[in-house]
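In: this one's sequence-less:
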């Protein structure tokens, strides 16, 4: 769907753990916001260097560092060093072709997700952005590509932290991770409903008569549905793994909420399945409409031809210039020919009526 | 199939456990009936407030609270608080896009099912209503959307409690839960038979010659079959989980009945599979009928054209105005031309007969 | 395939364990035969009441009670009570839509199978009859719908008991159960070979040129193959469960024979798979034959039209009545026109020859 | 593919273990060769009676008895008795519809395989012969249908025993079994390469233009590929079971060779999968070629018709016999009409050129 | 895709472990490079005989022997003897039809992989070369077919060893194995992106109007995608086995890198799946374009024919030579006929406009 800047192949031959940004560049400058909170206090700051990120951490609080923009690999490399991240984790974060997955690195949990939205500027195409979450004992690192043109889906969570709505301030980094994942998954419903609307429009177009462009429209929708399907499918495994996580990263209280996320994902999968079935039904209708139309065209041709060809033959016969054609001399012959012609035409039409072509 | 009032996306950004009613509004006012029964006694009342629901509970009896209507989220929220329900359970109940599932919350078991029926007022469309069951130690909460226009499938169970038919009064809330699930599953057979009848009608229409509307009819039936299939599929897992439930919610005596429900669901799945195969066979027949018809149209055109076009040519030749055309002067020429024409026509027709086009 | 008397939906709302006969009525009167045998003795009687069935039981012998006909639910209800059968077992036996399955009720094993045969009276349709087997410590109850028009597949087993052929008299009720299942499964081969013959006939029809009825024939065969497939599929699970049965119902000596039955069922499944592939290949050939025919029709039309239409135009030109048409006055003009026409016609035909349309 | 003499249904009703030869008769007379060998000695004889087979056995040697021909059920019955074979094993051996499988009977291992080859006499059809192997402590019985017309795939193993090539003389009956299975599986590659050649021929035919017979050719190849696929599929399970065999029949040294056979079978499966994909691609090309051809035919018809029909109309107009047609009197009229006609014709042709139909 | 020199069937009948080179010959002469390295030292030499390979081994270093070319079976046989390789391993290495797999032989691990690249000389076909890796305690043997025309994918690893970049010099043979596998898998991304480019070209061709060659193009791409899919599929199992390897061959530090390789392979599989879906969508568009074109051709024919055939008939009528045709005498008749003709033509065209054929 979206064109990459660097391609994956530009990494072939490099040693593992090399930081090369692969994918489209969504924003020029990196933007890092840092939250510290616990049940009593809450602080919100902007960090400009990796050192600041670390120095903003405070004991007995949860630190949430949200990084927008991943093409500054040097910044990310230093940040990773300070948080003792495995080189492969950093490599994954800057390579934006990751499949959603969860990996337990002992000290922290690493989750990759994809955020979906319809791009506003370029023909309404479906865009998929990568979000990496690193969940440690008392911190969460969320690193997103951070397209500046789309709405920030984490804003509602920031609001909740600021105004201490819900359980978020009372619980640890695992609940923050859940909240971030939930925000991303909730956003999928918005995308699905948008696709649903598009399908309804396409159905109206199809019902009003298939045009040549309809097929491309259906194929585009199919491709979007497939894209969604592929994006959601691995999510299920992620949610399922998180739910059953046996390490110390996720507390039982959060686990029940992750089960809820899992249910939402299964619901999303069901919906995409239904959408794909509807689209394949539309394709059938389109193809059949085209073939019906051919049938109709052929019927019109056949009716006109079979009615007039015999008549033209008759006219041709009496247009011959033989000297001895007794009929030509009779005064009743001309009207008689007309009568014959009308009888032939009516017989033909009656035949077509019987065949239900008319 | 059915249009929603609130859409799922209207919940994006809210903290988990927020009560927002999502889905169509089936009824304006909530209606709550409360049953208390054990082997000896039985009492039936209507509750108007959440407090009443709780105050109607009595020791040593099973309390069945049936709630019709879910758009009064405040009522449900209070009811949930009094029964110590987890916020996510309540959130699920008012969000009518749930997939059938079972969840064990320790103190109670939470089951979501979907009830299917053909709407009476709007073109016979298939409607799916959500039913939530909460099964505690001595109570069952059944919360349905409660469309007022359809028949109440739980009425037969109420009758059985009132007249103490079968084992229902002798056994606990788990058997009541089984009875409710069984009533819902039994109702699926009614829907399937209705669909079966529709398919038979469609087959008759198809046999009497495919019209243009036939394809849409088959596609509609396919969509209904798919809808049914998707509704029944997750049910199997629910029944299978309930059957193997290891908690204390379900007694062994009830388990054997749940195995029976499981068998019914497998039977339903078999039937929907068969229906889908039949429908896809009908589609094949439809398409082939259309293409046969084209063949037939083309044959008529070809026969008429190939018989008359050469004749018209012959007539055209003797309609030419050349001065020196010796044939034109002969008295036998005109009948001779007729004979030639007849020979040509008969040869053509014999050829088509041989080709079996006639 | 077969129309039911009572439909499944007529049971909706009844308490579990209600005995309602669902399905076609195959015979008016119930017929019960009772066998007692061990290695030394053997006795064969007809029972008219449930009491007789029980009184015919003898210590140290295997009792085989075969019931033909299931619409006398009262008789079956009493029989069930005397053998302490669970109400759900009896409910299953009279509801003839059961899927093949095995259930262990502790004191006895309950097996449901389906017997397939081609009905003799009604257009050779495939009929599926339900057979229930209850295998206790020293008895076997076999309850079939017992269509009087078909051959009795258990007769060969009766013969073997009477004449003590094979191991049957030496072994217990588990071996009798195996023998009954084996007889039913063996019968499937007969049905499959019949279907195979039908397919060969259809292939001959197809090879001799597709007619309009061919498609329906293929679709009917496909439906039969599907019906068979669906009947055999769950059988495999039954055989597999019996083979691995861990209770005391089946002795190791019998288990090896059940493995043999399992192999037969897998073989049946292979064959139905092959049949379905052949039929889908036939459908492809049919459709392609139809489209070939259209191609051929169009070619004939095109050849005739493209040869004669230019000629007719030439004739038309010299049929014009302009005063000043110098060609018309020349004596060589008429033969020259003929030569031109022949050249045009031959050029056209050569072109078609080159295109391999002729 | 191959017609049977006795059909499977002829066994319905017989007690288990009855010996009835089912399948085609490949050879009239049974032929039994017996090998005795160990690292030092080796003896090769022909046996004529079951007694001889047994008497040829010698202590401290491996005895390999190879039986060609299975329709002499009496001989096989006696042989089975002398080797204490279970009746079901013998029944399987003479019933030639077995699916490949392994069964452990404690004293011996029973393996059924199918040998594939192209019959030389009857239109190159693919034939599948059954081979049964019984592997005891110090003997191997290999029983094949033994078509006299095909090459003997076991000859290379006999050679290896005679000249003591490789490990065969040093190892036990399990290695001999492996060698026999390996010989059979190796032979599958020959068959696959033959099929591959046929597919290449068919591709050449298809590339040079689809004829009517092409479809049947592709369908035949598809059927052969399916036949192969079905033959190879269960083999994998056999090899997998042998590889993991826990009894004492197979020594660890042989197990590593069986893993190699397993790999070969997976390779065979991969190849058949690829072949099936290629064939289904060929079908698509065939169908599309046919429809392209229809397109081309229609274009020719359309071009000729649309060019000449208007011209013929113009000629027809001036062929009318109205008294007052001023054009007819003008000397410039005839050439003018010709010019008009040429303009019309060229306009039409330019239009078709623009549409890229020419 | 690629033609073999020896075919697999040439091995039928040979004892297991026979060394016969099967497959295409990529290079004439074998080329062997030997690396010795540990954290401090590093040596790089060329070996000409198997003895040299062994004599180059040094204590406390990792020895990497890379063999290019496998058709010199004698050389490989001797090399295998000196490294105590099992005969089946050597047999596998020279038989180039292996499926990717891992086998643990106790003393060493044997891994087979396939390297994919687009051949430069022969029409850009996809070529698959076999690479065998043998990983012992202190050595790695990599044996490839070594096509001289393609780039050497292991060169980057040699560079890393020479300049001691990354962890490679610090870790053991298991990390070297990982690096080799990673280099091969990275190369798949290059191939996939090349295929992606080809698909985009094909989409452009398709968008600009389907020509006859387009179908073959799509089919070729489909075949390549299938080829890739089949090459990548078994790789996943290899990576999964290596990741979970329980022997002593792979150290935990390397295992985490192998998990990364596994992720890359899953990503590759996702991409090939997407590619296959896109190609099948293109096929649908192609077929529908062809049928649209037929529709258009037929419409043009029908419009021209139905407009002019009635007109030609009218002209034919007044071309008849009857003596008594009163119309012919009237001066207004000729213009009147023209008016009638124009009315007929316009009516027809209006009808087609209404039908949206124009």
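Out: In hand now; what should we look at? All of these numbers come straight from a predicted model, not from anything done at the bench.

In: Looking at chain A, which residue is nearest chain C?
Out: Across chain A, the shortest distance to chain C (C-beta to the nearest C-beta) belongs to residue A:319, at 6.8 Å. (Each C-beta comes from the backbone N, C-alpha and C, glycine too.)

In: What residues does that residue make contact with?
Out: B:315-316, B:319, C:319, D:319, E:316, E:319-321 (C-beta atoms under 8 Å, 6 or more residues apart in numbering or on different chains).

In: Please list the residues of the stretch 101-250 of chain A that sit near chain C.
Out: By the rule C-beta under 8 Å from any C-beta of the partner chain, no part of the stretch 101-250 of chain A lies against chain C.

In: The residue of chain A closest to chain C belongs to a helix, doesn't it?
Out: No. Applying DSSP: H, G, I helix; E, B strand; the rest coil, one finds residue A:319 to be coil, outside a helix.

In: quick one: low-confidence ranges for chain A?
Out: Chain A contains residues with pLDDT under 70 at A:1-5, A:121-122, A:210, A:212, A:246-247.

In: what ranges do the helices span in chain A?
Out: Secondary structure of chain A by DSSP state H: the helices cover A:50-55, A:73-82, A:87-94, A:155-163, A:173-207, A:212-244, A:252-317, A:326-329, A:333-354.

In: Tell me which of those helices is the most buried.
Out: Counting by mean count of other C-beta atoms under 10 Å in any protein chain shown, helix A:87-94 has the highest mean neighbour count of these, with a mean of 22.

In: List the contacts of it.
Out: A:16-22, A:70-71, A:73, A:76-77, A:80, A:98, A:103, A:105, A:110, A:112, A:130, A:132, A:134, A:143, E:256-257, E:260, E:263.

In: Specify the angle between that helix and helix E:252-317 in degrees.
Out: Relative orientation of helix A:87-94 and helix E:252-317, computed by axes from the mean of the first three to the mean of the last three C-alpha atoms, to 10 degrees: 20 degrees.

In: The residue nearest to residue A:111 when sequence neighbours are not counted - how many residues pack around it?
Out: The shortest distance from residue A:111 to any residue other than its chain neighbours is 4.2 Å, reached at residue A:133 (C-beta to C-beta, 6 or more residues apart in numbering or on different chains). Residue A:133 has 23 neighbouring residues, counting by other C-beta atoms under 10 Å in any protein chain shown.

In: Next to chain E, which bits of the stretch 151-300 of chain A? Give me the list.
Out: So far as C-beta under 8 Å from any C-beta goes, the stretch 151-300 of chain A lies against chain E at A:209, A:212, A:215-216, A:219, A:222-223, A:226, A:230, A:283, A:286-287, A:290-291, A:293-294, A:296-298, A:300.

In: contacting residues around residue A:191?
Out: Counted by C-beta under 8 Å, 6+ apart, residue A:191 has contacts A:116-118, A:126, A:228.

In: Dump those to TSV, plus distance to residue C:54.
Out: Below are those laid out as TSV (distance: C-beta to C-beta, whole Å):
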residue	distance to residue C:54
A:116	69
A:117	73
A:118	74
A:126	71
A:228	64
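
In: Can you tell me which of these is closest to residue D:11?
Out: Closest approach between the contacts of residue A:191 and residue D:11, by C-beta to C-beta: residue A:228, at 54.7 Å.

In: just to revisit the earlier point, can you flag which of the contacts of residue A:191 belong to strands?
Out: Counting by DSSP state E, the contacts of residue A:191 place A:116-118, A:126 in strands.

In: Kindly indicate which of those residues lies nearest chain B.
Out: Checking the ones in strands among the contacts of residue A:191 one by one against chain B (C-beta to the nearest C-beta), the nearest turns out to be residue A:117, at 11.6 Å.
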